[in-house]
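Q: how would this look folded up:
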Amino acid sequence: MARLDRMSQAERDAILAIPCPTFPSTPWQPARPLADCRVAIVSTAGLHLRDDRPFALTAGGPGGLPGDYRVIPTDSPARELVMSHVSVNFDRSGWQRDWNLVLPLDRLRELAAAGAIGSVAAYHYSFMGAAPPDQLEAPARRLARLLAGDGVDLALLVPV
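A: Sure thing, here's the model as predicted:
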């Protein structure tokens, strides 16, 4: 795990200079019982299918634009996922032992089988977490439309 106290001053300054967005209001929806909810996962682990394009930090690179995401079908086996997160401060060792740390599909399936959630979404999504926050709004809006089209009631956000 990257720790600020182990980074150079220049790295700390760069990370701490990233502006956090503010919003005039917070939209809220009354919650449905979890047992009736269709759940999707949105991760920032930089995951994609083996035959999909990797992530890139720069616009126009082979991995697309910053803030881009990849679609992961719910029936994807762990062996078909690749992590192309490009941050040098990113520790992949936990993911290599258990993919559920960054994409907890097995846990969602268990919750659905136990009746704790209504169902698991057909698709899940992964961003590359080093994307600048100001470049995430347009992709997030596109993703929200996809989630709504899949009948998703709630998204489990997995920041990595």
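Q: tell me the contacts of the residue nearest to R32 when sequence neighbours are not counted?
A: What sits nearest to R32 in space, not counting adjacent residues and going by Cβ to Cβ, 6 or more residues apart in numbering, is D153, at 5.9 Å. Using the backbone N, CA and C atoms, a C-beta is placed for each residue, glycine as well. Counting by Cβ atoms under 8 Å, 6 or more residues apart in numbering, D153 makes contact with R32, D36, C37, R38, V39, G118.
Q: got the residue ranges for the strands in this structure?
A: For the chain, the strands defined by DSSP state E occupy 38-43, 47-49, 69-73, 81-83, 119-120, 123-127, 154-158.
Q: now the helices: where do they sit in the chain?
A: All helices of the chain, identified by DSSP state H, fall at 9-16, 93-97, 105-113, 137-149.
Q: burial count for the residue lying closest to H124 once chain neighbours are set aside?
A: The shortest distance from H124 to any non-neighbouring residue, by Cβ to Cβ, 6+ apart, is to I41 (4.2 Å). Residues within reach of I41, counting by other Cβ atoms under 10 Å, total 23.
Q: Could you tell me the least trusted of the helices of the chain?
A: Of all the helices of the chain, the minimum mean pLDDT falls on helix 93-97 (a mean of 72).
Q: If you count contacts, what does that helix end up packed against?
A: If you count contacts as 3 or more Cβ pairs under 8 Å, 6 or more residues apart in numbering; DSSP states H and E, helix 93-97 packs onto no helix or strand.
Q: In it, which residues are buried?
A: Going by neighbour count (16 or more other Cβ atoms under 10 Å), the buried part of helix 93-97 is W95.
Q: quick one: least confident helix or strand in this structure?
A: Least confident helix or strand, the chain: helix 93-97 with a mean of 72, by mean pLDDT, DSSP states H and E.
Q: And for that one, what's in contact with it?
A: Counting by Cβ under 8 Å, 6+ apart, A45, M83, L101, V102 sit against helix 93-97.
Q: Please export the alpha-carbon coordinates of that helix; PDB is fine.
A: Coordinates of each C-alpha in helix 93-97 appear next as PDB, following Å, rounded to 0.1, in the frame of the first residue of the first chain:
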ATOM      1  CA  SER A  93       0.100  -8.800  -4.100                       C
ATOM      2  CA  GLY A  94      -3.400  -9.000  -2.400                       C
ATOM      3  CA  TRP A  95      -5.200  -9.300  -5.700                       C
ATOM      4  CA  GLN A  96      -2.900 -12.000  -6.800                       C
ATOM      5  CA  ARG A  97      -4.000 -14.100  -3.800                       C
END
